[in-house]
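Novice: Need the 3D shape of this:
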Amino acid sequence: MNRTTVLIAILILVVTGMLVAGKFLVRQPGPGSLAAAGSVKGHPAPDFELTDLSGKTVRLSDLRGKAVLLNFWATWCPPCKVEIPWFIDLQKQYGAQGLQIVGVSMDDAKPAAVAKFTQEMGINYPVLMGNDKIADLYGGVQALPTTFYIGRDGKFVSRVFGLVSHGEVEDNIRAALKQGQTMAASAGGSSAAGK
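Specialist: Below is the predicted model:
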């Protein structure tokens with residue numbers, strides 16, 4: 001091997017190492033955010049206000065009484081693309097039982113580009129445009145996809161980093177639907193809070 005080949009190989013290794021290290025750097029959560037470590041189960045999900053792809057404001061508190069699957073994702077994320085068809089089917093299957101899937105796009109792209117992607121994928125649930133503020137509020141969102149399962153009572157059932165099996169997603173949805181079920185029934189099935 002000549003010297004140039006060795007230098008190129010070293011440069012490739014250094015750049016690869018930097019990219020891998022960058023993926024594992026932990027963002028420090030902001031004040032009032034979820035602790036990045038430990039279980040979130042039973043803690044209230046932080047309320048937020050984001051805009052959907054048409055510019056409409058959506059608040060988590062508007063969904064109180066529903067079980068919420070809150071999925072942080074991006075158009076460039078391969079595991080996210082695996083989950084999306086599952087979420088489409090699960091929204092159809094469990095929507096009438098009180099499930100609301102909500103996608104939070106962490107793309108740097110403009111809403112129009114994300115909207116084009118969601119249309120091509122046939123996404124049948126709201127997609128909101130995320131930002132660093134919501135990522136911090138939810139513990140730093142260290143990996144994509146990151147999915148939170150929230151019960152009808154507005155409290156976390158679980159948090160999952162990365163891609164898991166369809167069966168695990170469905171198990172978490174069922175648990176979220178059960179949590180706070182008596183609260184939803186006593187409210188007369190109303191899905192909105194604070195109205």
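Novice: State the helix or strand in which the residue nearest the centre of the chain lies.
Specialist: In the chain, the centroid-proximal residue (C-alpha atoms, centre = their mean) is Asn71; its distance is 2.0 Å. Applying DSSP states H and E as the criterion places Asn71 in strand 67-73.
Novice: ok now that strand, how far from the chain's centre?
Specialist: 4 Å (C-alpha atoms, centre = their mean, to the nearest Å).
Novice: again, but for stretch 150-159
Specialist: 13 Å.
Novice: Can you get me a residue count around Pro46?
Specialist: Pro46: 17 surrounding residues under other C-beta atoms under 10 Å. Just so you know, the C-beta spots here come from the backbone N, C-alpha and C atoms, and that holds for glycine as well.
Novice: Which element, helix or strand, includes it?
Specialist: Using DSSP H and E, Pro46 falls within no helix or strand.
Novice: Test my guess that the residue nearest to the centre of the chain contacts Gln100.
Specialist: No: taking C-beta atoms under 8 Å as the definition, Asn71 is not a contact partner of Gln100, at 11.4 Å.
Novice: Find residues that contact each of the two.
Specialist: Shared contacts of Asn71 and Gln100, defined by C-beta atoms under 8 Å, 6 or more residues apart in numbering, are absent.
Novice: List the buried residues for the one helix or strand Asn172 maps to?
Specialist: Element membership for Asn172, per DSSP H and E: helix 166-178. For helix 166-178, the buried set under the neighbour-count rule, 16 or more other C-beta atoms under 10 Å, comprises 169, 172-174, 176-177.
Novice: Could you dump those into CSV with distance to Asn124 added?
Specialist: Shown next, in CSV, are the buried residues of helix 166-178 (distance: C-beta to C-beta, whole Å):
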residue, distance to Asn124
Val169, 16
Asn172, 19
Ile173, 15
Arg174, 20
Ala176, 18
Leu177, 18
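Novice: Could you point out which of those is nearest to Val157?
Specialist: Closest approach to Val157 among the buried residues of helix 166-178 (C-beta to C-beta): Ala176, at 4.6 Å.
Novice: picking up where we left off before, how about the helix holding Asn172 as CSV, C-alpha atoms only?
Specialist: As requested, C-alpha coordinates have been extracted for helix 166-178 and formatted as CSV (Å, rounded to 0.1, in the frame of the first residue of the first chain):
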residue,chain,number,x,y,z
HIS,A,166,-45.3,-5.0,15.6
GLY,A,167,-46.5,-7.1,18.5
GLU,A,168,-44.7,-4.9,21.1
VAL,A,169,-46.2,-1.8,19.5
GLU,A,170,-49.7,-3.4,19.7
ASP,A,171,-49.2,-4.5,23.3
ASN,A,172,-48.3,-1.0,24.3
ILE,A,173,-51.3,0.4,22.5
ARG,A,174,-53.6,-2.0,24.4
ALA,A,175,-52.0,-0.9,27.7
ALA,A,176,-52.5,2.7,26.8
LEU,A,177,-56.1,2.1,25.9
LYS,A,178,-56.7,0.4,29.3
